[in-house]
Structure formats: structure tokens, C-alpha cells
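Engineer: Generate a structure from the sequence data that follows.
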Amino acid sequence: MADPTESESRKLLGRLREALAEDSAGQARLDRITHLIGSSMRTEVCSIYLFRDEETLELCATEGLNPDAVHKTRMRLGEGLVGRVARKGKVVNTADAPSTRGFRFMPETGEEVYSSFCGVPIQRLGERLGVLVVQSKEARVFFEDEVYALEVVAMVLAEMTELGAFVGEGEALRARHTLPAMFHGGVGQEGVAEGYVWLHEPRVVVSNPIADDPVAETKRLREAVDKLRISVDDMLSSVSDETADKDQREVMEAYRMFANSRSWLRRMEEDIAAGLSAEASVEKEQSSARTRMSQVPDAYLRERLHDLDDLSNRLLRTLTGQGKDTGAELPDAAILVARNIGPAELLDYGRDRLKGIVLEQGSVGSHAAIIARAWAIPLIIHAEKITTEALNGDLVMIDGDQGFVHLRPDDTVVNAFRDKIAMQAKAQERYSGLRNLPAQTKCGSVIGLHMNAGLIADLPSLDSSGAEGVGLFRTELQFLIRSKVPRRGELAAIYSRVLDAANGKRVIFRTLDIGSDKVLPYMKREDEPNPALGWRAIRVGLDKPGVMRMQLQALIRAANGRPLTVMFPFVAQFDEFKQAREHVFNELAREKKLGHVLPEKVEVGAMLETPSLAFAPKQFFEMADFISIGGNDLKQFFFAADRENERVRRRYDTLNVSYLTFIEQIVERCAETNTPVSFCGEDAGRPIEALCFAAMGLRTLSMRPASIGPVKHLLRRVDLRSAKAMIDAARVSGVQSVRGDVMEWLRTDVD
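Structural biologist: Prediction:
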């Protein structure tokens, strides 16, 4: 058989376009397409398998096999040669299918008489959609050009599947992006919300995958690539040696290398010559890159393939004119959906415009998580593939308590979810009545409930939540959202506004906590094997005292005669605290010499986030004006369980006997020197955990504003002496966690 020429490939695509343009149902279109492909390829069999769910392929159309097998023959992902093509995303081309590894005989199809098999994946941007198969009785391996022609056809089928060209009866023939979908990710911020999808980067839709004029399409592609190269060169020239580190320049250089790649352009031009439009040729190569990306073990190479993926998106936007700014209006109840997002981009949306956030990437300590907590809106992270499944305007319900995202939910889910939202709203109404009441237990103990903040916009929650003060004001956000180090005067103005908004209530300013997963865009990224245990927080401040001194000066000037409370993060040993504290008093002396007004009172404290600090010399506890237990980090270091790792972070309970005993020991050490101690972190805002911390002797807790009501509601109903006795009894019994005993006690002994 002669090799098919490029003109034959274009003829086939032309016939496909005619078939797709016909006013017929999805099944009739698929049947027509399998007939066209089979006759053009001169094979006895052509079959199209589509996914009916993530794990199951269904025979949806065939020319040559038993027609009764259509919509009846199904196979699991990885099962048989068809399942193998789908799982690997690679072509299987064999002259002897029955002898090929993985072959599975499907007797209902009548395929036993066909020896040759060639299967190519139908996929779009790394998303599996199905498999296109041709078979023949003649034992032969299909030519390279024949395989290429099938790949081009599969690309068109993927686009048309995306656009709903094959809609019909049966799960596998339902329109793309109409089926309900559920995603399970990690909890970045608790809470529930209902709204409508707003994609941070709108999907680029290719509506013209087939083109008649390869010369015109090639010209369009080259002009778009030229624009892309110019924009990359402009980006690179704007990044000077003074403002960028080596890694940033390497990324820009990689961009330029890919943008100027002759092989990349040549492959796309070959796709156009085969009959694809310029846009479809870009997507075909982008899909191939994403498939390779998923199979490359080397992290550096994966990042470089991500660079190529990003360049492809830029090129598609240029070709289609579908830029990020589409002119669409953000819906009233918007749920932001993105692969990832930086703090500045997220803040641009504003807290009043978003009901929740769903990310494919992200982390519990990321910038997005910090802002979501400040805004008190739910955040789901690691919701894999949601950006390829969601469309702007889709109804979405997110459960930040359990980590579930319901996209286009059915009526049963909608009703259950709305019931949950209504119950929570009713509870919040009940909590609002406690706003001006103290968190006083039945035994007379009063627990101070404070709020965490990081933005000036958070401060109105001081009054609405009933918080007694700000137990933690994160100062790193003002650094993270800028492209360069903020000026001292800018920071002083921001901190002054925070104190103004607090209206006399105490604000604890935590100094710059960067490193780990919080990297400044203008700071050289350190390549560390374990950043959470690396160069971060106070370690950075002591090694780069200029930034620390500048921030302390801004805080002193912002106080302008008012009380000032400063806290240093991630202190691991006494000497670190002594050095940091000395910086504070040196800056106070300097400001006095300059004639500036000094704070009325200065308190200097430390966050206890490492177990080592709990065993510091007594002099540390005497020197510190206060100590705040940083529960998020302390818990992961105590249990040696990375809080970003879903496999281990839920393995260890906060109410573990060992952990509660450790908290109690810290409280006792602070009591020896009359050093005020508080607990700050997510666990402080969980009512059951807050009760146990109070029973361990803690009298101050700091949490997100929305948690103050529920915590206060429980504390006002309990006797801490009884709670302590119950916990002590549970500890003596040898249980690993006291949670079960606490829950039973609350059910039986608490009103």
C-alpha cells in the first residue's frame, strides 16, 4: 500500500469537516466518521472508544466490528490494547495484535479475524477523551505517515468532542462539561460556599480545528510566533541583573529558547500541512508536551515542559484573540478556579467579590491560603484537573470542611449542600448574640479570644466577631504583594492604619515570616531539600539585619506614642531571641536620638513553634514579655509530619495525649516565670480543641474571626475542672487520643 500523502490527509480532514457540519445526531456523526476514516485508510475496521467515566472506555462507533457491540463493549483504563493506549497516552502499532502484550479478546466484537492494530489516543491538553483504532486482516505495521494522519484526525476528534459535536444518548455521548463532577482536594481554609465558576485563566476554545489553506495558516502561525518572541525578549530585557536572581533569569532564558525553537515551529507547520488550523496545530503539540510532562520523573525537566505549556497558551491567545481579559463580568457569587495564583493577583479580586477559591496546586501555608483565611472564605487546594473540567458560569459548591468540590452538582447534592449552609447560617446568628459577652466558663475561668489578621481589611472583624484584640498580625503580606522591597515610610503608614483600626485594642505584630513556602518575588530562592526546616523567618532576619531593622523602625514610627507589641517567629533557641530583642532596643535608642516619638510601652515576645524552645533556659521565659504557641508549625515538628503531605498530616490528632501533655508542660514553664502564654493557629479555632487547650491551662487563644463565635459558645457551657478531670482520666487509661472521651463527655455531661 502506498504511503498516504499530506494532500490525502487534508482530503480526509475535509470530509470530516463535511460530516461534522451535517445536521445529524451525535451517534450518526460518529458512525459517518468511522466509515470515512476506514475507507480513507483502506482498513477493514475503524472504531472510536470514548470515556464514559474516568476509568471506563466504551465502544461508541465502529466500521467493521459487530455493530451490536456499540455501547455494550466496555473496558477499564489499562485493559487490553485500547486501554493501554488510553493509560499511556501513546500509540500502539502492531502487525500481530493477539500476540502483543496486554491484548484482550472481546468475543462480542468479532475482531478475532483482524491481525493488524493501530490505536492512537484522543486527548486534549493532557486530558484523556478516548482512543481511535484502525484494524486490518493483513498482518502489517502501519506506516509512520499513516500513524501521523491518525494522530491529526484524533486531534480533530478531541476538539469536536470538547465542543459537544457527538452529543447523544448514553454516558459516553453526553456533552463535555455538562456532567456532574466531584473533586477531592486538601483543605486550605475551612467553610462552605455556593457560587459560579470564574476561571482565573479562561480556557482557549479552538472552534476551527480544520483549515483549507495551509499557506494562509502557516503565515498566521509565523506572525503569532514572531509576536511571541518579541514579547519574551521584552520580558527578558525588563529583568535586569539588579532585580532578578539567577533562577529567574534561567526561566526567562528557557522561555526564549523554546520560543525560538525551530523544531517546535517545524512540527506545528507539519500539522498545518496535514490539514489542521494554526490553533489546532499549537494544541496538538501542547497536548504532546503535556503527555510527556506527566511521564518525566526529573523535576527540572518537568518545569521546562511547563514553560513550553505556558508559551503554547500565550501563542493560542494571540491566534484566537482570547486574552485573559475577555470582557466578561465577574458573577456576584464567584468561586475562583485556577491552577495557582499569587497574592497580588488574588488581592486584585477583593474580598467582597469572591465566595471561595479552588486551586489545582497551592499549599496550606501558601499566600493564597493566608489571604483566604484573612477573608474567611473557603479554599480547596490540590483539586486536580478542575481547570480542564470547569467552565465559566458553572454552578459549583465547595466544602472546605471536608475538602470536596461539587461541580455542576445534581439536585440531591444541591439540596443537601444548601441544608448544610442554612444550618451554619442559623448557628452564626446564634453566635452573634454572644459577641459582647465574655468567654467565661461555668467554673468562672475567662478565656481571652483574639483574632488573626494580615490585611487592614481584616480589622473590621474585631468588632463584628467580638475579638478582644489581634493575637497575630502577619506582616509578610505587605512584602509578598510587591515586586520590590517596600519602603520604610510605606510600611509605617500601613502599620499606623492597623493600630488606628484596632481602636486601642492590642495588636501583636509578627515580624517578617518568609522562607519555606513564602518566597518573596524579589528575593533569591534558596534551593533547600526541606524548606520548612530551612532558612526562614527569624533565621533570615538575623542573617539579613537590614530588612529586620527597617521593619522595626517602621513599627516604632507607626506606634507614635501608642503601645507596641512585637513578636518574632520560628525562634528555636534562646540566643536567637536575645539577638532579635537587642535589635528592637537598638532601634528604639536610634529613634530616640532622631527625635521621634517612642511607643508608650514596648512588649517583645516569641512564637514557640519548635519543640526545642519549650526546653530553653529559664532566662528565656523571664526575658520574653509573652509567648505565643504557633500551633500549625509546632504540630508538624512535634509529630514529624509535614502539614503539606495529605498522607501523614491527618494521621496525627491534635488531641493526641502526648501533644496535649506537651502543651501543658509549656503552660507550666510559663507559669513559673509569670510569662503570659497563648495558643495561635487553626486548631485554636476548633471548639473541641479550644476546650482542651483551655483545660490544659491556656487562657488566651488566637484564631480566625469566624471561629470566635463557635469557640465562645462551647466554652460558656463547660466546667474546665470537670473537663480536665475527664482528660486526665483518659490519659491514664492509655488511649492515644482523648477525642473520643471528650466527645462522649460533651454528649452526656454538657447541656
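Engineer: Doesn't His71 belong to a strand?
Structural biologist: No: the assignment for His71, made by DSSP: H, G, I helix; E, B strand; the rest coil, is coil rather than a strand.
Engineer: Go ahead and confirm it touches Glu58.
Structural biologist: Yes: the criterion here is CB atoms under 8 Å, and His71 meets it with Glu58 at 6.3 Å. Glycine gets a C-beta too; all of them are placed from N, C-alpha and C.
Engineer: Between these two, which is the more surrounded one?
Structural biologist: Glu58 (21 against 18; other CB atoms under 10 Å).
Engineer: helices or strands next to the strand or helix carrying that one in the packing?
Structural biologist: If you go by DSSP states H and E, Glu58 is part of strand 56-63. Under the contact criterion of 3 or more CB pairs under 8 Å, 6 or more residues apart in numbering; DSSP states H and E, strand 56-63 touches helix 26-41, strand 45-53, strand 74-76, helix 80-88, strand 127-136.
Engineer: Name the strands paired with it and say parallel or antiparallel.
Structural biologist: Counting by DSSP bridges, the strands paired with strand 56-63 are strand 45-53 (antiparallel), strand 74-76 (antiparallel).
Engineer: if you compare those strands, which one is most tucked away?
Structural biologist: Per residue and on average, the most neighbours among these fall to strand 45-53, with a mean of 23 (mean count of other CB atoms under 10 Å).
Engineer: quick one: average confidence on that one?
Structural biologist: Averaging pLDDT along strand 45-53 gives 88.
Engineer: and the angle for that strand with helix 26-41?
Structural biologist: Strand 45-53 runs at 140 degrees relative to helix 26-41, counting by axes from the mean of the first three to the mean of the last three CA atoms, to 10 degrees.
Engineer: In the stretch 351-500 of the chain, where is pLDDT below threshold?
Structural biologist: Filtered on pLDDT under 70, the stretch 351-500 of the chain yields the residue ranges 365-367, 457, 480-483.
Engineer: just so I know, which of the helices and strands packed on strand 56-63 lies nearest Arg353?
Structural biologist: Arg353 sits nearest to strand 127-136 of all these, at 29.1 Å, using CB to CB.
Engineer: now the strands paired with strand 56-63 as TSV including distance to Pro486?
Structural biologist: TSV is the format used below for the strands paired with strand 56-63 (distance: least, CB to CB, whole Å):
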stretch	distance to Pro486
strand 45-53	50
strand 74-76	55
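Engineer: Which among those strands is found nearest to Asn656?
Structural biologist: Closest approach to Asn656 among those is made by strand 45-53 (38.9 Å; CB to CB).
Engineer: follow-up on the earlier one: roughly how far is the strand holding Glu58 from the heart of the chain?
Structural biologist: Centroid separation for strand 56-63 versus its chain: 35 Å, with CA atoms, centre = their mean, to the nearest Å.
Engineer: what about stretch 61-79, average pLDDT?
Structural biologist: 89.
Engineer: And the contacts of that stretch?
Structural biologist: For stretch 61-79, the surrounding residues in contact (CB atoms under 8 Å, 6 or more residues apart in numbering) are 27, 30-31, 33-35, 37-38, 43-49, 52, 54-60, 82-84, 86-87, 104, 106, 108-111, 114, 128, 135, 170, 172.
Engineer: Which of the strands paired with strand 56-63 sits closest to Glu468?
Structural biologist: Nearest of these to Glu468, taken as CB to CB: strand 45-53 at 51.7 Å.
Engineer: what separates that closest one from the chain centre, distance-wise?
Structural biologist: Relative to its chain's centre, strand 45-53 lies at 32 Å (CA atoms, centre = their mean).
Engineer: How about residues contacting it?
Structural biologist: 30, 33-35, 37-38, 57-65, 74-75, 82, 86, 111, 114, 122, 128-136, 157, 161, 166, 170-173.
Engineer: Look at the closest residue to Ser432 other than its chain neighbours and tell me its secondary structure.
Structural biologist: In space, and not counting its chain neighbours, Ser432 is closest to Gly709: 6.8 Å by CB to CB, 6 or more residues apart in numbering. Here Gly709 is helix, with the state taken from three-state DSSP.
Engineer: What's the separation between Gly709 and Val85?
Structural biologist: 55 Å (CB to CB, to the nearest Å).
Engineer: OK, contacts around Leu459?
Structural biologist: Residues near Leu459 by CB under 8 Å, 6+ apart: 453, 470, 498, 501-502.
Engineer: most surrounded residue in these?
Structural biologist: With neighbours taken as other CB under 10 Å, the top of the contacts of Leu459 is Ala453, carrying 28 neighbours.
Engineer: surely it meets Val470?
Structural biologist: Yes: under the criterion of CB under 8 Å, Ala453 makes contact with Val470 at 5.3 Å.
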